[in-house]
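> Provide a 3D model corresponding to the input given below.
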Amino acid sequence: MQTLSESLMREIAGLGVEVEQERWWDPQQKGDILHYIMRPPYAVNVRLAHEKGFKVIMTENLDQTASRTKTQLFIQRQITRWARRLVPGLVNRMAWDVYQLLDAMVYVVPIELKVAQYLFDAPADRGYIISQGLEEQAIQKLSSPEGMGQGDFLVSVAVISERKNSLLLAEAARKANVPIVFLGKPLVEDDYYQRFLKAADGKLVKYAGFVSVKEKYDYLRRARGFALMSQFESGCIAIYEAAAAGLPLLLPDLPWASKVYGHLEKVRTVSLGSADHIAEALKSFYSWSQRQSQQTFPIPSWKQVAQKYVKIYEKILSERS
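Modelled structure (predicted):
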């Protein structure tokens, strides 16, 4: 979300739209649109913004929520509706009532908009899907044929953490006898990270750590394929980079992956389970995968993403009462 915020501010300004960060302490700050990255803290924020003449748009990430099972979502929906009737204070603290007030809501993938509609009755006519993007220069460099066919390994780019299932993937690679290179750093050097380091034997499973952008692109261009067993994601930038490089993807059979990328020709999914179970899929994926000359799926530039946001800005401003 930090990448999204910084990229939008830069590219939207480049399109001639004045952009600045909200100065909540400054009553003199003027503007036409208040854009929240993630859900506003309270519905009253949206009401007060409307009173001051602002239109309000939100870009929300529902990655973990959208990866819940149908049963879990049904239970959450019933709790939310029960709370609206009996515990309005809880609804206010969770800001579950902002959806009916917002002028526009943006989600990176369709599944998250559907979940927002299901759980929070988000109005369909105010929902939009705009994917993440990459720098134009990044797309050009990743799409370059340089390095193609030079590497005989898979690559995984992610924070080393339980959420990303880094250790599970490393153990599966060793069992499958499949070479893989991990790129990324831990949020904290905890026990999980130490166990991951032990699994990275430097032979089959290599851990390059947190590398420069140039080195990351080099690994992606030389790899045969990309693997990530994350529990939940939302428009994962690492997947976009792998796709820009033309890498086949091995992802978990979870809603965030299977319902967004599962239909693509160069994507395979595997249900999360034991390392032995994933090892079988990893071995098959490794023998099948090979970097392609075209993108795995179309990757927009951040400028193109910003242009779509500006169109929404123009639309909601034209509806000013």
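> Roughly how far does residue 21 sit from residue 307?
Separation of residue 21 from residue 307 (Cβ to Cβ, to the nearest Å) stands at 21 Å. For every residue, glycine as well, the C-beta is placed using N, CA and C.
> neighbour-wise, which of these two wins?
residue 307 (15 against 8; other Cβ atoms under 10 Å).
> Could you double-check that the more buried one lies in contact with residue 15?
Yes: the criterion here is Cβ atoms under 8 Å, and residue 307 meets it with residue 15 at 6.7 Å.
> Helices along the stretch 51-200 of the chain, start to end?
Taking DSSP state H, counting those that start in this stretch to define them, one finds helices in the stretch 51-200 of the chain at 63-66, 70-86, 88-94, 110-120, 136-143, 166-176, 191-199.
> chain center to the last one: distance?
Relative to its parent chain, helix 191-199 has a centroid offset of 25 Å by Cα atoms, centre = their mean, to the nearest Å.
> Kindly report the same for the fifth one.
Going by Cα atoms, centre = their mean, the spacing between the C-alpha centre of helix 136-143 and its chain's C-alpha centre is 19 Å.
> helices or strands up against that helix?
Applying 3 or more Cβ pairs under 8 Å, 6 or more residues apart in numbering; DSSP states H and E, one finds that helix 136-143 contacts helix 213-222, helix 237-244.
> Which stretches in the stretch 151-300 of the chain count as strands?
Here the stretch 151-300 of the chain has its strands, by DSSP state E, counting those that start in this stretch, at 154-157, 180-183, 205-209, 225-227, 249-252, 267-270.
> Nearest to residue 315, out of those strands?
Checking these against residue 315 by Cβ to Cβ gives strand 267-270 as the closest, at 32.8 Å.
> In terms of secondary structure, what does the closest one contact?
Using 3+ Cβ pairs under 8 Å, 6+ apart: strand 267-270 touches strand 249-252, helix 275-288.
> Tell me which of the ones you listed sits most buried.
When these are scored by mean count of other Cβ atoms under 10 Å, the highest mean neighbour count falls to strand 249-252 (a mean of 24).
> May I have the strands that pair with it, each with its orientation?
Each strand paired with strand 249-252, and its direction, by DSSP bridges: strand 225-227 (parallel), strand 267-270 (parallel).
> Near residue 72, how many other residues are there?
The tally of other residues near residue 72 (other Cβ under 10 Å) stands at 11.
> for the one 10 residues further on, same thing?
By the criterion of other Cβ under 10 Å, residue 82 has 11 neighbours.
> coming back round to it: hey, which of the helices of the stretch 51-200 of the chain is tucked in deepest?
Per stretch, and counting mean count of other Cβ under 10 Å, the top mean among the helices of the stretch 51-200 of the chain goes to helix 166-176, which has a mean of 23.
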